[in-house]
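Trainee: Test case, fold it:
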Amino acid sequence: MTTTHDLRVAVDVRCLDTPKLRGFARYTSELLKGLTHLGGVDVVAVSDRPMTLRVEEEHVQVHAPDGGREWRREQVALPRLVADLEADVLLSPANRGLPLVGVPSVLVLHDAVEWNRRLVARPSGRDRIRFGYSNVASLLGATRIITVSNHSAEQLHSRLGLRRDRITVVPEAAGGRFVSGVSAEMRAAARQKIGIEDPFVLYCGGFDPKKSVDTLVIAWALLGEGAPSLVLAGAVEASQAEHLRSLAAGLGADTERLHLPGYVDDDQLPALMAEADIFVFPGTAEGWGLPAVEAMAVGTATVVADSGALPQSTHNLAVRFAAGDAAGLAGALGRLLGDEALRRHLGRQGSAAQLQRSWLDVAQDTLVVLREAASVGAVERLGAAAAQLPRAYRWVV
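Mentor: As a prediction, the model looks like this:
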């Protein structure tokens, strides 16, 4: 069909049902805000269950079907709800969750890390069943697939066998809080919340194995007595925190200078990043690496692993080290800590590069894909799904 009216887009927002936005939730929140500010598009939020939408656009109502088993809500009730809302296209921004049938749909598949058994353990029990059926339904049902980097696009093709002509790369951007500037008062408040007055190196993100936080702790310990404090911000389990402290202590580091403040709210995160002397993101398999992008946007010199999408997302302007190489990271940190002029130069360069793209740009690029998907007829969608079916075994293992 040819869309001549405002495109009505149903956005699956179930990943926003959390008070701590990171990963998929951060992406979905920013994209939803961007889409609601565009002309020519009418956005409706949907979920497979009742929920409270935790984004700034409080006027966005979440439509949800009645109860029932999860698979029935997702595969039967959700497509029926989307049809009742007269949506032209359904957008699923969190790797899976699409119904197998229904209106044209776009799946945002951020990376292929979940299928990498070196980094992510195979699900078991009910989670494995959910992983398998939801992947098959989502990947067969998707009219088009968006991913966030060239690296992820290549991984989706090589690891999952997805056709390249179904995949469009739409890079992310730094959120508005990170580009609007932070005041001295905001910086002071961020330091006070962390309880730190001296210089510090900052990491923000998750603590799963692919984030390689151990590499950063070892590198920090290798800096010796003159090292600044190390702040590891993010939701961390008690066992993980104990492991990191034990690792540092075993290497002779002063654990009093190792800070694990937990999750930092988005309204305080830009100031904390701006106050850091250096931001480090050592992840080994990043589909994009949004925290590194955000740190660069506020003007902080950034160090990243030379892996995944991080060279692309940082515009090759971050200092890089070989993934997992703690000694190499320690050397990079030592050089930067000893050269304030270089840190300032890198901060200015990185900020200028990241400010060239906004979430409104991301939303506009996404809208192009949504319009393209909405124009694909049912017969063509069925044929494309049938062509992918022989590869479906790759999606469940």
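Trainee: alpha carbons only for contacts and neighbour counts from here, please
Mentor: Fine.
Trainee: Give me the average confidence score over stretch 201-211.
Mentor: The average of the pLDDT scores along stretch 201-211 is 95.
Trainee: Please identify the buried residues of that stretch?
Mentor: For stretch 201-211, burial by neighbour count (16 or more other Cα atoms under 10 Å) applies to V201, L202, Y203, C204, G205, G206, F207, K210, K211.
Trainee: what bits of the chain have low per-residue confidence?
Mentor: For the chain, applying pLDDT under 70 flags the ranges 1-4, 19-21, 54-60, 67.
Trainee: which residue sits farthest out from the middle of it?
Mentor: Farthest-out residue of the chain from its mean C-alpha position, per Cα atoms, centre = their mean: E225, at 34.8 Å.
Trainee: And that one, how far from T36?
Mentor: Using Cα to Cα, to the nearest Å, one gets 51 Å for the distance from E225 to T36.
Trainee: and what of V108?
Mentor: 18 Å.
Trainee: neighbour-wise, which of the two wins?
Mentor: Taking neighbours as other Cα atoms under 10 Å, V108 and T36 compare with V108 leading, 24 against 17.
Trainee: beta partners for the more buried one?
Mentor: Listed beta-bridge partners, V108: I146 (assigned using DSSP bridges).
Trainee: pretty sure it contacts I146?
Mentor: Yes - here V108 reaches I146: they are 4.6 Å apart, a contact under Cα atoms under 8 Å.
Trainee: Now for T52: which residues touch it?
Mentor: T52 makes contacts with D17, V62, as judged by Cα atoms under 8 Å, 6 or more residues apart in numbering.
Trainee: again, only this time at 10 Å
Mentor: By Cα atoms under 10 Å, 6 or more residues apart in numbering, the contact set of T52 is V13, R14, L16, D17, T18, E58, Q61, V62.
Trainee: doesn't L90 make contact with the first one?
Mentor: Looking back up the chat, that one is V13. No - contact criterion Cα atoms under 10 Å: V13 and L90 do not qualify, at 11.0 Å.
Trainee: Common neighbours of the two, please.
Mentor: Residues touching both V13 and L90 by Cα under 10 Å, 6+ apart: V44, A45, V46.
Trainee: ok, so of those, who is nearest F279?
Mentor: A45 (34.7 Å; Cα to Cα).
Trainee: any idea whether that closest one is helix, strand or coil?
Mentor: Following DSSP: H, G, I helix; E, B strand; the rest coil, the label given to A45 is strand.
Trainee: Quick check: closest non-adjacent residue to W115.
Mentor: Distance criterion Cα to Cα, 6 or more residues apart in numbering; nearest residue to W115, sequence neighbours excluded, is V397 at 7.1 Å.
Trainee: which SS state does V106 fall under?
Mentor: V106 falls in the strand class when you classify it by three-state DSSP.
Trainee: show me what contacts it?
Mentor: Counting by Cα under 10 Å, 6+ apart, V106 touches 11, 89-93, 98, 138-139, 141-146, 166-167, 366, 369-374.
Trainee: any common contacting residues for V108 and I146?
Mentor: Here V108 and I146 share the contacting residues L91, S92, P93, N95, I167, T168, V169, V170, T366, scored by Cα under 10 Å, 6+ apart.
Trainee: So the second one sits against S138, correct?
Mentor: Yep, that's S92 we're talking about. Yes - the pair S92 and S138 qualifies as a contact (Cα under 10 Å) at a distance of 8.9 Å.
Trainee: tell me, what's touching these two both at once?
Mentor: L98, P99, S105, V106, L107, L109, I145.
Trainee: ok, back up a step: out of the shared contacts of V108 and I146, which are buried?
Mentor: Among the shared contacts of V108 and I146, those scoring as buried are L91, S92, P93, N95, I167, T168, V169, V170, T366 (criterion: 16+ other Cα under 10 Å).
Trainee: between those residues, which is nearest A285?
Mentor: Among the buried ones among the shared contacts of V108 and I146, and counting by Cα to Cα, the member closest to A285 is N95, at 15.8 Å.
Trainee: does the closest one count as helix, strand or coil?
Mentor: Following three-state DSSP, we place N95 in the coil state.
Trainee: can you start the count at 55 instead of 1 from here on
Mentor: Renumbered: residue one is now 55, and that last one reads N149.
Trainee: Skip the chain neighbours and tell me the closest residue to it.
Mentor: In space, N149 is closest to L163, 4.4 Å off (Cα to Cα, 6+ apart).
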